[in-house]
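Enquirer: this one's sequence-less:
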């Protein structure tokens, strides 16, 4: 583009001349010095023209200009109303991005071109300037200290081109754009010509780098304004073929295209905290490579956040890019391997890798290259979930394995969680509807309509507050579907139809219209077209041959239409790069389509597996697994189960390649109960193959076998198959011990992991000694590794310390357990402060364990605080990803209920435990082997808490359920489940006692005592507290059955055990000791041994008095009970005055708590009856009558228990 400028030089009007480049429909980029000495008072001082479009000149005005030591550039706006015709390349900014900008990042000369109108091309006959294309190179090492590019060229120029007076033959070239190819057939603008250095023996021109322009806020704002919101972004030039263009064409051929991440139809908003955190990670820390992982379900906004991050840091001088999605672990046969050396740069570099879980080997090759850099490099990995794709070695060098293992994993939190006011979601819904309405007119299959007015009137759904709208794609999809359904061409959709299904019905119209076009003439029914699109989503295809093979499996696709159908699919959703097929986007929509088509029976999955290449098989499994998880997270559990069942059935007969099994296993989330059976199946297959390979060549294949055995152990444990899990893990440890002996640097981390798993697996089958030994070894190795490399190994150390604390607790070594867990919490608190999303799950686990151990140490208030923190974290995590975090939330809620009970807060305790029971009931339906033990524990606690609140009938019902399940479990595996059965039997005995069913109560409690006596012989530290509790209950029940001698013997044993326990841990066991002493005193009195009875009840009162000082809400009712027993014994010994005082104190305590705990009314009645009798003994008939009158006016409820 030519630019003419009227300007004043020494008072005389002179005409200036320069070149320029159209960067927006009416915005021209040029050099600032072209506009020197402009006279602001002159009319139309600047004009521009397009030489290839005629001689017409168009008036323009300068809207930005900067000329300093770094930048020499200006932006000129062409005035309206002159007949200016916007070039076709810039005429459609809604769907096609404007000019893209580049930065040369390497050290090697790079080819560039520049077109302008230099003086040497002035036509001698008419004086017109002709165009000149400069072809040359930019050597990045020349001029960089001055902040400029130096362009060198050797092409000959006209011999007589030099003007007189030393003026440059290149004069007039100033302002021309410096361009280079991007590898996709488009140009990147990487600079603006500034001046000619008049070199000898060639040409050397200087240019202002585009990076300096993009760094200028005013320049960037003007470009954005004049291009309808396209913000200019710098793209690295040399690796352009590896990276997705920063701005791509919006292929708005169908409604679903509006929801693609790169369409950016809905303006980016929110996420300020996450964005700032990621920016800080980029800019702070050592100038070396660092990795970070961002996980979350499809549609949670990972890609949009990453795009925003690359834009933001790019404006601050970083080199940024997103690795092309078509670069995979399974490239096309004729594809050249990616050349990662083009990423070499001394500039700060940020590379984003989306779908990281599906291409772990490519990822390792990328990191292998980048980790050698001595400069600041950041790699952000986006994945649906964490798993073996990150933690597996996959033959990577140790440095790369360490980088991946130390990479913090940050689950994406909901953009607008349910904790925020509902109006925030309403605002987001309306924003989405308005933004989508702006682009709906561009969808060719939709009729013209006033979409903007419709968006204004559109009302959000009534259930917008529910958790499923935590996913921002769900919210935006619901807005889009609302617009379409209220528009001129709605589809049939029943109320409650998932938005994915409704959107796909609109997408059907696009498929049908394009299939019937003259290019394809596919006269196929809609279900067949949908099945073909589903096959492309399920399998993908690198080549046409791959596409044809899988399409031939469609039962309703005629053979003669297979090739046209393959071509149709290739054009329907074009692929990135060299792959033959792309896919319907967003992924969530494609996954829904795939699962729905499978459910309808329109795809023969076994045949599809057998026709698919290994990479296609892996994608099949991955897509189906993702669809199952998405169904579950959306509350569509039957759909989730059906699609997984369909896959499982297909795998019974289909051939699955080793490569596919390995890739799919790496991509599956770990852990995830939804896909646990599938993962177990794949891991089992991999172990069998690796065992065969290792038998022939152990040196090569034993490391892979150890990895697959470790994974298999974890998968078996997820399914509740503890013994098999232990066997697999023991085999993995055996191999790792051998490998680590020969190469500790390479294999000790793997050995520590397998030992840690061995400790967990041994715990699950109650082999505590072996568990403790394995975990101690894991802690020892990881402590040593963490000393040398804390960034990598401290998280693992914290996890092992958490396990160690739990196992020491089970061994009855409370003090050591507390020390280990406190160390774990300390590490996790520090890690979570820097990266809460990555380390809060581990922190919640250690806090949950800490709560249990503090409670057992008698530090109830601290225990409750720790457990509340664990519940808070896990509730937040489960809201975003219930499939992963609901089991942990249920465990913490169970603990919380127990601790609230101990604190005397019965109503809150009941609420927490009910929530735990509800979650475990749902989980146990899908996986009883894994979750029934947890369900029973919660049911047992629920029974106790219902009893505390006086709801005895409900308590008995749930306790019976618990016993029934545990009896069944113990029959199959007594070593594991007998301790739990004893706990439930003990609780059942108490519940039956409260119901007055003495004989049944006695039978249950006797069974509990027998089990605990056997267990306590082998492990007294663990089981003596439980034995003492069941003996206490047995003593009460025997006494009620009139078997006083046996009752006294049982209670004495309980007291003896509790006295020994309270010596070492008074805070934990003095409450139990006091309760047993109260029972002992009553039974001794009934046996006529009043002196001993008085001593026992007096000890109980003294203990409870001390406890009630610190925690009156919990212990004053117990103190009242011991005072009543003490008064009874005193009265029998003739100490009437002291007995009356004791009843008065007891009555005062009971009345203080009767409102909060009405179930103590029977105890209050009993002590008031004793008090009335004592008043009669003192001759105070009036007071005695008043007490009895109160008793008559406040009768016991019919179902009360005494």
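Expert: Done, it's in. Everything numeric in this text was worked out from a predicted model, so none of it was measured.
Enquirer: give me the low-pLDDT residue ranges for the stretch 501-650 of the chain?
Expert: In the prediction, the stretch 501-650 of the chain carries no residues with pLDDT under 70.
Enquirer: tell me where it has helices.
Expert: Assigned by DSSP state H, counting those that start in this stretch, the stretch 501-650 of the chain shows helices spanning 526-539, 544-551, 562-572, 587-600, 605-611, 614-633, 637-653.
Enquirer: got it, and the stretch 101-250 of the chain?
Expert: Ranges of helices in the stretch 101-250 of the chain, per DSSP H, counting those that start in this stretch, are 210-214, 217-226.
Enquirer: out of those, which comes closest to residue 291?
Expert: Proximity to residue 291 (CB to CB) singles out helix 210-214 among the helices of the stretch 101-250 of the chain, at 25.5 Å. To be clear about C-beta, it is placed using only N, CA and C from the backbone, and glycine gets the same treatment.
Enquirer: tell me the mean pLDDT for that closest one?
Expert: For helix 210-214, mean pLDDT rounds to 95.
Enquirer: contacts for stretch 1011-1028?
Expert: Identification of contacts with stretch 1011-1028 by CB atoms under 8 Å, 6 or more residues apart in numbering yields 768, 810-813, 978-979, 981-983, 985-986, 1009, 1030, 1053-1054, 1057-1058, 1060-1061, 1069, 1072, 1076.
Enquirer: and that stretch, how far out from the chain's middle?
Expert: With CA atoms, centre = their mean, to the nearest Å as the basis, stretch 1011-1028 stands 42 Å off its chain's centre.
Enquirer: cool, and stretch 1068-1080?
Expert: Remark: stretch 1068-1080 is offset 47 Å from the chain centroid, using CA atoms, centre = their mean.
Enquirer: relative to residue 324, how far out is residue 734?
Expert: 43 Å (CB to CB, to the nearest Å).
Enquirer: over to residue 103?
Expert: 18 Å.
Enquirer: thinking again about what came up before, more neighbours: which of residue 734 and residue 324?
Expert: Taking other CB atoms under 10 Å, residue 734 and residue 324 do not tie; residue 324 has more neighbours (20 against 13).
Enquirer: what sits against the more buried one?
Expert: 242-244, 576-577.
Enquirer: again with residue 662
Expert: Neighbour list for residue 662: residue 686 [criterion: CB under 8 Å, 6+ apart].
Enquirer: that one is in what secondary structure piece?
Expert: Take DSSP states H and E as the rule and residue 662 turns out to sit in helix 658-667.
Enquirer: now do the buried residues in that helix.
Expert: In terms of neighbour count (16 or more other CB atoms under 10 Å), helix 658-667 has its buried residues at 660-667.
Enquirer: and those as TSV, adding pLDDT?
Expert: Output for the buried residues of helix 658-667, formatted as TSV (pLDDT from 0 to 100):
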residue	pLDDT
660	93
661	92
662	90
663	91
664	92
665	90
666	88
667	88
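Enquirer: which segments of the protein make up each domain?
Expert: Taking automatic domain parsing as the criterion, the chain consists of the domains 2-226, 270-411, 950-1064, 1099-1202.
Enquirer: give me the distance from the second one to the chain's centre.
Expert: The reference is to domain 270-411. On the basis of CA atoms, centre = their mean, domain 270-411 sits 16 Å off its chain's mean C-alpha point.
Enquirer: ends of it, how far apart?
Expert: By CA to CA, to the nearest Å, the extent of domain 270-411 from end to end equals 17 Å.
Enquirer: now swap in the third one and tell me
Expert: Terminal residues of domain 950-1064 are spaced 34 Å apart (CA to CA).
Enquirer: circling back to that earlier point, would you mind giving me the PyMOL syntax to select the buried ones in the contacts of residue 324?
Expert: This is the PyMOL syntax for the buried subset of those, where burial follows 16+ other CB under 10 Å:
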select buried, resi 242+243+244+577
